[in-house]
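*Asks:* My questions are about this predicted structure, shown below with the sequence.
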Amino acid sequence: MIASIDLLHLLSQPFLRNALLAGIAISLLGGLVGYFVVLRAQVFATDALSHAAFTGTLAALAAGVEPRFGLFAATIGVGLAIGALGDRGRADDVIIGIAFAWVLGLGVLFLSLYATGRGASNGTASTAALFGSIFGLSSGQAKFAAGLAMVLIVLLLTIARPLLFASIDEAVAAARDIPVRRLGVVFLGIVGATAAEATQAVGALLLLGLVAAPAGTALLITDRPFVGLAVSGGLATGSTVIGLLVSAEVPRVPPSFAIVAMATAAYALTWLVTLWRRRIT
Amino acid sequence: MNSFPSPQLSWNVIADVRALLEYPFMVQAFRAGIIVAILAGIVGWFMVLRRQSFAGHTLAVVGFPGATAAVLIGVSSTYGFYAFSVAAALVIAMLANPGGSRTSESAVVGTVQAFALAFGFLCYTLYGGFASSIGALLFGSFLGITSNQVAVLAAVTLAVVAGLAAIGRPLYFATVDPDVALANGVPLRTLSTFYLIILGLTAGAVSQITGALLVFALLVAPAAAAQRLSLRPLISLAWSVVLAVAIVVTSLSLAYYYPYPLGTFVTTIALVTYLIVRVVRQ
């Protein structure tokens, strides 16, 4: 009883409502996009995008522009670039690796420029960009993030069927006149926008927790693609809701940790259950 | 305000080098940097060959929660880096293999990485208020390296190089042609686990100079460039070490003279080196 009254009281707080609104929309997007990311083995490219998110935010801060502008410009730009440069829309390991280390190096440079320019302590700005500050979202920011997430989800679902085909069997899909290459580039653009969205929720460094973990779990649970897609989206959303509530109850636990911990726990549990089942049969 | 003149780079190379080595902290930084570069050059060479860059990156990232957790319980962050990186290497070796396709492997690695960073952030929040050192842990610092740290780095490097020298030939065989190696009785799985542990130790060591997030530049770029420079394994391995040392020494010198972060120099010079080699040896 007491817990439910407590929960109601918590839900009346605007910061938590904003966080839930943005968090649910963003994590649903992350789970859906993540399913394709894992299926297409582009986890590494997504990781590179998370670094671009950090650098984009700090570059905008150093230049004195709205940070979200830099964030989206950097991730979508890098996403499209990886898609266009990489061999048939899939980039190779070494180039991504070296380039993304460099992108982070640039981010550190912008961080030091920002800190010396303002004479301010650089701790907060970089920590928020790296690890997220979902409880700090204003109502306007939350609505924008949620609206954009909805647009991206609709876009993803419209290309879902051909994208799935192209991801599973590229050669046959190409033979069936599916524009494999263009789909790959568009998809990486969506992944870029998703990375920017997720950065606002859990931070640049933790976005794989929203993208890779639920999708990996879904692939363990089912082989049927559209069921898997739904499971992945559901798991990501569930982790976010539980994580946010836990963090609101226990303020010492940062929300991004709680969210990622939930998603990881779901993956670990599913993995153990799968292993156990295999032992039995 | 600033009563000390900041160091100026001149055309007099001898004077520049003398100025660089004037302060004990820079000498210490060069010692640590060169040791770490040799280690990264050798271990990174195998990493690029085995296409385990993503695993290498993850092991390095895992050093971050190790360091913050160590600080939280009051131990030196050095031990945290090593302990967590090696533990993560064992986890990846254990989880990744059984019947797993490459897709599920990358999802596992990505999740381990995100959780590790989240856990590091939790420890950092619980400890409360070393806001400036989170930057050093993630992006590196060459200030205040102790002689004890250098000694540990040297010991780890010796152990890793000795270990790699022992398994170098079968590891190379197993990497280049796993099927034939297996048919010849090379224990692939054991080798792979052993190598991951070595990679974990290396990531832990390199993180202390470049920071957990930028280890990658030093592990990948020299090795990838070296493999374009020569096809013969030993010569290419030597190139990798030479390039890594050159990158670190140049970066440390520039970071001493210019007020920008070390990480920016290391990653930029690494990228430029790789691109030049790629263009020249097309």
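*Replies:* Received it, and whenever you're ready, just let me know what you need.
*Asks:* Show me where the stretch 101-250 of chain B has its helices.
*Replies:* Secondary structure of the stretch 101-250 of chain B (DSSP state H, counting those that start in this stretch): helices at B:102-127, B:131-139, B:147-176, B:178-183, B:188-210, B:215-229, B:233-257.
*Asks:* Compile the ones you listed into a markdown table and extend it with columns for distance to chain A.
*Replies:* Where C-beta positions appear, they are placed from N, C-alpha and C, glycine not excepted. Formatted as a markdown table, the helices of the stretch 101-250 of chain B follow (distance: least, CB to the nearest CB, whole Å):
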| stretch | distance to chain A |
| --- | --- |
| helix B:102-127 | 3 |
| helix B:131-139 | 3 |
| helix B:147-176 | 15 |
| helix B:178-183 | 18 |
| helix B:188-210 | 9 |
| helix B:215-229 | 4 |
| helix B:233-257 | 10 |
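*Asks:* for the ones you listed, which one ends up most surrounded?
*Replies:* Comparing the helices of the stretch 101-250 of chain B by mean neighbour count (mean count of other CB atoms under 10 Å in any protein chain shown), helix B:215-229 comes out on top with a mean of 27.
*Asks:* Alpha carbons of that helix, as PDB, please.
*Replies:* Backbone C-alpha positions of helix B:215-229 (Å, rounded to 0.1, in the frame of the first residue of the first chain) are rendered in PDB as follows:
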ATOM      1  CA  VAL B 215      43.300   2.900 -25.600                       C
ATOM      2  CA  PHE B 216      42.000   1.900 -29.000                       C
ATOM      3  CA  ALA B 217      43.900   4.500 -30.900                       C
ATOM      4  CA  LEU B 218      47.200   3.000 -29.700                       C
ATOM      5  CA  LEU B 219      46.200  -0.600 -30.100                       C
ATOM      6  CA  VAL B 220      44.800  -0.400 -33.600                       C
ATOM      7  CA  ALA B 221      46.400   2.400 -35.600                       C
ATOM      8  CA  PRO B 222      50.100   1.400 -35.400                       C
ATOM      9  CA  ALA B 223      49.200  -2.300 -35.900                       C
ATOM     10  CA  ALA B 224      46.900  -1.600 -38.900                       C
ATOM     11  CA  ALA B 225      49.500   0.600 -40.500                       C
ATOM     12  CA  ALA B 226      52.300  -1.900 -39.900                       C
ATOM     13  CA  GLN B 227      50.400  -4.700 -41.500                       C
ATOM     14  CA  ARG B 228      50.200  -2.500 -44.600                       C
ATOM     15  CA  LEU B 229      53.900  -1.800 -44.500                       C
END
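*Asks:* show me what contacts B:Ile134?
*Replies:* The contact partners of B:Ile134, by CB atoms under 8 Å, 6 or more residues apart in numbering or on different chains, come to A:123, A:126-127, B:68, B:124.
*Asks:* sorry, back to before: would you turn the helices of the stretch 101-250 of chain B into CSV with mean pLDDT?
*Replies:* CSV is the format used below for the helices of the stretch 101-250 of chain B (pLDDT from 0 to 100):
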stretch, mean pLDDT
helix B:102-127, 80
helix B:131-139, 69
helix B:147-176, 89
helix B:178-183, 83
helix B:188-210, 88
helix B:215-229, 89
helix B:233-257, 92
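*Asks:* Where do the helices of the stretch 151-281 of chain A begin and end?
*Replies:* Here the stretch 151-281 of chain A has its helices, by DSSP H, counting those that start in this stretch, at A:160-168, A:170-175, A:180-202, A:207-221, A:225-249, A:255-280.
*Asks:* and the ones you listed, which one's lowest on average pLDDT?
*Replies:* Lowest mean pLDDT of the helices of the stretch 151-281 of chain A: helix A:170-175, a mean of 82.
*Asks:* on that earlier part again, pick the most buried one from the helices of the stretch 151-281 of chain A.
*Replies:* Mean neighbours per residue, mean count of other CB under 10 Å, is largest over the helices of the stretch 151-281 of chain A for helix A:207-221, with a mean of 30.
*Asks:* still on that earlier bit, mind listing which of the contacts of B:Ile134 are in helices?
*Replies:* A:123, A:126-127, B:68, B:124 (DSSP state H).
*Asks:* now, the most widely separated pair of these?
*Replies:* Longest distance between any two of these is 15.1 Å, between A:Ser126 and B:Thr68; criterion CB to CB.
*Asks:* could you list every residue that touches residue 153?
*Replies:* All of this refers to chain A. So A:Ile153 contacts A:28-29, A:32 (CB under 8 Å, 6+ apart).
*Asks:* not what I meant, chain B
*Replies:* Contact analysis of B:Leu153 by CB under 8 Å, 6+ apart lists B:32, B:35-36, B:39, B:205, B:208.
*Asks:* cool, B:Ala87 as well?
*Replies:* By CB under 8 Å, 6+ apart, B:Ala87 lies in contact with B:62, B:200.
*Asks:* Which of the ones in helices among the contacts of B:Ile134 sits closest to A:Thr75?
*Replies:* In terms of CB to CB, no member of these lies closer to A:Thr75 than A:Ser126, at 17.0 Å.
*Asks:* thought the closest one was touching B:Ala136?
*Replies:* No - look at A:Ser126 against B:Ala136 with CB atoms under 8 Å: they stay out of range, at 12.0 Å.
*Asks:* For A:Leu229, see how far away the closest residue to A:Ala261 other than its chain neighbours is.
*Replies:* Counting by CB to CB, 6 or more residues apart in numbering or on different chains, B:Ala118 is the residue found nearest to A:Ala261 once chain neighbours are left out, at 6.4 Å. Applying CB to CB, to the nearest Å, the value for B:Ala118 to A:Leu229 is 25 Å.
*Asks:* ok so, going back, in JSON lines: the contacts of A:Ile153, plus secondary structure and neighbour count.
*Replies:* Rendered in JSON lines, the data for the contacts of A:Ile153 read as follows (DSSP: H, G, I helix; E, B strand; the rest coil; neighbours: other CB atoms under 10 Å in any protein chain shown):
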{"residue": "A:Leu28", "secondary structure": "helix", "neighbour count": "23"}
{"residue": "A:Leu29", "secondary structure": "helix", "neighbour count": "30"}
{"residue": "A:Leu32", "secondary structure": "helix", "neighbour count": "27"}
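*Asks:* and which of the residues you listed is nearest to chain B?
*Replies:* Taking CB to the nearest CB as the measure, chain B lies nearest A:Leu32 of those, at 15.0 Å.
*Asks:* which residues sit in contact with the closest one?
*Replies:* Counting by CB under 8 Å, 6+ apart, A:Leu32 touches A:153, A:156-157, A:229, A:232-233.
*Asks:* let's go with 10 Å and repeat that
*Replies:* Each residue near A:Leu32 by CB atoms under 10 Å, 6 or more residues apart in numbering or on different chains is listed here: A:149, A:152-153, A:156-157, A:160, A:190, A:194, A:211, A:214-215, A:229-230, A:232-234, A:236.
*Asks:* Provide the secondary structure category for whatever residue of the stretch 151-282 of chain B ends up closest to chain A.
*Replies:* Nearest residue of the stretch 151-282 of chain B to chain A, counting by CB to the nearest CB: B:Thr267, 3.0 Å away. Secondary structure for B:Thr267, judged by DSSP: H, G, I helix; E, B strand; the rest coil, is helix.
*Asks:* That concludes my questions; thank you for your assistance.
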